[in-house]
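# Fold the following for me, if possible:
(2 chains)
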2 protein chains.
Amino acid sequence: MKDATQIRDVKGAILDAADRLLARSGYKKMTIDDLAAEVGIGKGSVYLHFSSKEEIALSHIDAVIERVKTRLHEIAQKKTSYESRLKEMLIERVLCRFDSVQHYTQSLNDILSKIRPSLLERRKRYFEEEARIFAALLRDGVNDGAFARINVEDIARSLLLATNSLLPYSLSTQELGERNEIEKRASALADLLLKGLIAR
Amino acid sequence: MKDATQIRDVKGAILDAADRLLARSGYKKMTIDDLAAEVGIGKGSVYLHFSSKEEIALSHIDAVIERVKTRLHEIAQKKTSYESRLKEMLIERVLCRFDSVQHYTQSLNDILSKIRPSLLERRKRYFEEEARIFAALLRDGVNDGAFARINVEDIARSLLLATNSLLPYSLSTQELGERNEIEKRASALADLLLKGLIAR
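Okay, the predicted model is just below:
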């Protein structure tokens, strides 16, 4: 009987293999047989962990989001100013996702259009989890007088909403090749959200 | 021989018919035969105006964007404060598109996933055109001291980027049913973009 660590390892190996196959041949062409062969296990073993190809693609995205959340927690705990931490977090939520799909190039449109409805449903949960991390920093910043008095939950959601258009889901194939440009846009957007437009 | 007005009328009639068919049966099921029958013209006449089904769907979206731009120009010319005009324009760019696809419900995902690559390409032009309308208002506002000294072209693009996540393309089927919720989010986002987060 396998213990918990071994089960996690097989699951992780399937997700790693899915990442390689998705990048190489795209979602449409990837089969469970290919995946099993890539990992070096039987097809039945894949189905022990995942019910379908869509479930594998979604779990792969789950893993990317876990990485994003870890990075956000790390930045939130830095000793820099609230403003610079917030700005860094907004840029990081964009670039961390960007880097996780950069090797997909042409095949990303294929994946995203196939799993679009399930992904849009799941995105709600991702954003709630991310919003909590931002709200915690905002709350501390308000208490320390760095941010204006605001409803931190609402503002956290607005900040995510404002930067969502820079996530891979919304980018064209060409834009997915332009990391510097995406970073520049995220940075400009973060500045605007921090400073606002009204003259003082 | 038909004159220019008649040609525009047939083109408009085809686009109106496409709107009805897309809402009723979705993109996948819509055929050029259906379209011709709905307008009451021959299949060949449809091909005189449009080279493909995708071209018709994209032209339909073009018409929606023209409506958005007209509304933005109207708001920009109002006599209210710069702040309130800018806020109204940001909300309108979201709601005008929302209203144009509200009758699509389930079939929107179908259309958007099918024409995704061409649409992402075309969106670039849409945003450039919209950005010009926003930049003109920002320029007047900066000159009159209502807005901080900014690069108006860059800020116009950031404003669009920030509200793009509320456009139908990025909403789930459920969210496409919640007009009040979308309006509330657009309004909160506009406030944040105007006022910024930093305490003063």
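# Kindly state the domain boundaries assigned to chain A.
A:1-50, A:52-195 (automatic domain parsing).
# Out of the ones you listed, which is the most enclosed?
Highest mean neighbour count among the domains of chain A (mean count of other C-beta atoms under 10 Å in any protein chain shown): domain A:52-195, with a mean of 18. For every residue, glycine as well, the C-beta is placed using N, CA and C.
# all helices for chain A, in order.
For chain A, helices defined by DSSP state H occupy the ranges A:4-29, A:32-39, A:43-49, A:53-76, A:82-101, A:107-114, A:116-143, A:152-164, A:179-195.
# follow-up on the earlier one: turn the domains of chain A into TSV, including distance to residue B:15 and mean pLDDT.
Formatted as TSV, the domains of chain A follow (distance: least, C-beta to C-beta, whole Å; pLDDT from 0 to 100):
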stretch	distance to residue B:15	mean pLDDT
domain A:1-50	31	87
domain A:52-195	24	91
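# how much space is there between the residue in chain A positioned nearest to chain B and residue B:194?
When distances are taken as C-beta to the nearest C-beta, chain A reaches nearest to chain B at residue A:196, 2.5 Å away. Separation of residue A:196 from residue B:194 (C-beta to C-beta, to the nearest Å): 6 Å.
# Spit out the contact partners of residue A:62.
residue A:122 (C-beta atoms under 8 Å, 6 or more residues apart in numbering or on different chains).
# sorry, back to before: quick one, phi psi at the residue of chain A closest to chain B?
When read as degrees, to the nearest 10, the backbone of residue A:196 gives phi 70, psi 170.
# wait, it sits on residue B:195?
Yes. Residue A:196 lies in contact with residue B:195 (C-beta atoms under 8 Å); the separation is 4.4 Å.
# Closest to the centroid, which residue in chain A?
residue A:65 (4.0 Å; C-alpha atoms, centre = their mean).
# With adjacent residues omitted, what lies nearest to that one?
residue A:126 (5.0 Å; C-beta to C-beta, 6 or more residues apart in numbering or on different chains).
# Can you give me the distance of the one you found to residue A:69?
Going from residue A:126 to residue A:69 by C-beta to C-beta gives 9 Å.
# Contact partners for the closest residue to residue A:68 other than its chain neighbours?
Closest residue to residue A:68 apart from its sequence neighbours, by C-beta to C-beta, 6+ apart: residue A:96 at 4.8 Å. Contacts for residue A:96 (C-beta under 8 Å, 6+ apart) come out as A:64, A:67-68, A:71.
# of those residues, closest to residue B:113?
Closest to residue B:113 out of the contacts of residue A:96 is residue A:64 (20.6 Å), distances taken as C-beta to C-beta.
# need the contact list for that closest one.
A:96-97, A:100-101.
# In those, find the pair that's most separated.
Distances among the contacts of residue A:64 were taken as C-beta to C-beta; the most separated pair is A:96 and A:101, at 10.4 Å.
# Does the residue nearest to residue A:65 touch residue A:66 like I think?
No. In this structure residue A:126 lies outside contact range of residue A:66 using C-beta under 8 Å: 9.9 Å.
# Quick check: closest non-adjacent residue to the residue of chain A closest to chain B.
residue B:196 (2.5 Å).
# Compute the first-to-last residue distance for stretch A:162-172.
End-to-end distance for stretch A:162-172, by C-alpha to C-alpha, to the nearest Å: 18 Å.
# now stretch A:36-51
Start-to-end span of stretch A:36-51 (C-alpha to C-alpha) is 14 Å.
# Contacts for it, please.
Against stretch A:36-51 from outside (C-beta under 8 Å, 6+ apart): A:7, A:10-11, A:13-14, A:17, A:20-21, A:32-33, A:35, A:56, A:59.
# Name the member of those residues with the shortest distance to residue A:182.
residue A:20 (23.9 Å).
# Residue A:43 and residue A:30: what is the separation?
Relative to residue A:30, residue A:43 is positioned 13 Å away (criterion: C-beta to C-beta).
# my bad, residue A:63
Counting by C-beta to C-beta, the separation of residue A:63 from residue A:30 is 17 Å.
# List the residues that contact residue A:110.
A:26-28.
# what's the answer for residue A:88, then?
For residue A:88, the contact set (C-beta under 8 Å, 6+ apart) comprises A:75, A:78, A:80.
# Recalculate using a threshold of 7 Å.
Contacts for residue A:88 were tallied using C-beta atoms under 7 Å, 6 or more residues apart in numbering or on different chains; they are residue A:75.
# How much space separates it from residue B:86?
Taking C-beta to C-beta, one finds residue A:88 at 28 Å from residue B:86.
# and what of residue A:11?
Residue A:11 sits 49 Å away from residue B:86, going by C-beta to C-beta.
# and what of residue A:44?
Taken as C-beta to C-beta, the span from residue A:44 to residue B:86 is 59 Å.
# was I right about residue A:89 contacting residue A:72?
Yes. Contact criterion C-beta atoms under 7 Å: residue A:89 and residue A:72 qualify, at 5.3 Å.
# interface residues of chain A facing chain B?
For chain A, the contact set with chain B under C-beta under 7 Å from any C-beta of the partner chain comprises A:83, A:109, A:113, A:116-117, A:120-121, A:145-148, A:154-155, A:158, A:161-162, A:164-166, A:170, A:172, A:185, A:188-189, A:192-200.
# give me that answer again for 6 Å
Residues of chain A that fall close to chain B, judged by C-beta under 6 Å from any C-beta of the partner chain: A:109, A:113, A:116-117, A:120, A:145, A:147-148, A:154, A:158, A:161-162, A:164-165, A:172, A:188-189, A:192, A:194-199.
# Now residue A:161: closest residue in space, sequence neighbours ignored.
That would be residue B:165: by C-beta to C-beta, 6+ apart, it lies 5.0 Å from residue A:161.
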